[in-house]
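> Have a look at this prediction, sequence included:
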Amino acid sequence: GAVVSQHPSRVICKSGTSVKIECRSLDFQATTMFWYRQFPKQSLMLMATSNEGSKATYEQGVEKDKFLINHASLTLSTLTVTSAHPEDSSFYICSAETTGGQETQYFGPGTRLLVL
Amino acid sequence: AQKITQTQPGMFVQEKEAVTLDCTYDTSDPSYGLFWYKQPSSGEMIFLIYQGSYDQQNATEGRYSLNFQKARKSANLVISASQLGDSAMYFCAMRDRNSNYQLIWGAGTKLIIKP
């Protein structure tokens, strides 16, 4: 149980285009999902907390107009990188949190974004 | 402020040996949770084991066990009978009320298992 999928796994795009990344909890409902960014050889950096049916909560320094998050249902959250630039190239990984006692974040496989 | 410290940036271990990955934490909240995740080179973060601050016994999951020493604020991960597939980055993380229940991450330890 507790499987999270993320799509696409890799994406290469031109500068100025927008990229949408989907995160799905496959076998459980998640009222809370998280979006992280990871730079090489570093730990995860939380970008935002996504709650179903409400606006996402962004961490300090993360532009909400740049990284649009939509948590449309209890099993789906999307991250859209708008007008992507080369500095947005990174590894983006989502997680979905189980509820009821031991809240644990289960992670998707991640998305490697390369902006040319 | 809460903090997670992993003092071993990298470790080499012979296959089939046991390995201990260190993690110390700092929090003022009496209620907290400790997690270990494995990240292979492919990138996915795999949940390994959880320890709650009020749990009386050390958590175990198969070959993984957590050596929880509350007074010393340490939560070391022990992997028994290491395998080549255990080679990965390992991250310790904590959540408590001070972090608004978000995960606070350690810097990670890169474990390489030698054949």
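It's in. Residues are numbered from 1 along each chain as shown, chains lettered A, B, ... in the order given.
> Pull the contacting residues for the residue in chain A that chain B sits nearest to.
Distance from chain B to each residue of chain A (C-beta to the nearest C-beta) is smallest for A:Phe107, at 3.8 Å. For every residue, glycine as well, the C-beta is placed using N, CA and C. Applying C-beta atoms under 8 Å, 6 or more residues apart in numbering or on different chains, we find A:Phe107 in contact with A:Val4, A:Ile93, A:Cys94, A:Ser95, B:Tyr37, B:Glu44, B:Met45, B:Ile46, B:Phe47.
> Can you check my assumption that the last one lies in a helix?
No - secondary structure assignment places B:Phe47 outside any helix; it is strand (DSSP: H, G, I helix; E, B strand; the rest coil).
> so where's chain B shaky on pLDDT?
Applying pLDDT under 70 to chain B picks out residues B:1-2.
> Please enumerate the strands of it.
B:3-5, B:10-14, B:19-21, B:24-26, B:32-39, B:46-52, B:60-61, B:64-69, B:74-79, B:88-96, B:104-105, B:109-114 (DSSP state E).
> among those strands, which is nearest chain A?
Chain A lies closest to strand B:104-105 among the strands of chain B, at 4.3 Å (C-beta to the nearest C-beta).
> Can you give the distance of that closest one from its chain's centre?
In terms of C-alpha atoms, centre = their mean, to the nearest Å, the centre of strand B:104-105 is set 11 Å apart from its chain centre.
> now stretch A:46-58
10 Å.
> and it, anywhere near chain B?
Yes - on the criterion C-beta under 8 Å from any C-beta of the partner chain, stretch A:46-58 is in touch with chain B at A:Leu46, A:Thr49.
> ranges for the strands of chain A?
A:4-7, A:10-13, A:19-25, A:32-38, A:44-51, A:57-58, A:67-73, A:76-81, A:90-97, A:105-107, A:111-115.
> ok, the residue of chain B found nearest chain A - contacts?
Closest approach between chain B and chain A, counting by C-beta to the nearest C-beta: B:Met45, at 3.8 Å. Residues near B:Met45 by C-beta under 8 Å, 6+ apart: A:Leu44, A:Ile93, A:Ser95, A:Phe107, A:Gly110, B:Tyr37, B:Lys38, B:Gln39, B:Phe91.
> Restrict these to the buried ones and give me that as a ChimeraX selection.
In ChimeraX syntax, the buried subset of the contacts of B:Met45 is picked out as below (16 or more other C-beta atoms under 10 Å in any protein chain shown):
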select /A:44,93,95,107,110 /B:37,38,39,91
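> Which residue is the nearest non-sequential neighbour of the residue positioned nearest the centre of chain A?
Residue closest to the mean C-alpha point of chain A, counted by C-alpha atoms, centre = their mean, is A:Trp35 at 3.5 Å. Nearest residue to A:Trp35, sequence neighbours excluded (C-beta to C-beta, 6 or more residues apart in numbering or on different chains): A:Met47, at 4.6 Å.
> Do you know the pLDDT at that neighbour?
Confidence at A:Met47, expressed as pLDDT, is 96.
> ok, it - how many residues close by?
Burial of A:Met47 is recorded as 23 neighbouring residues (other C-beta atoms under 10 Å in any protein chain shown).
> So it sits against A:Ile21, correct?
No - if you go by C-beta atoms under 8 Å, A:Met47 and A:Ile21 don't touch, sitting 11.4 Å apart.
> Spell out which residues are contacts of both of those two.
A:Leu79.
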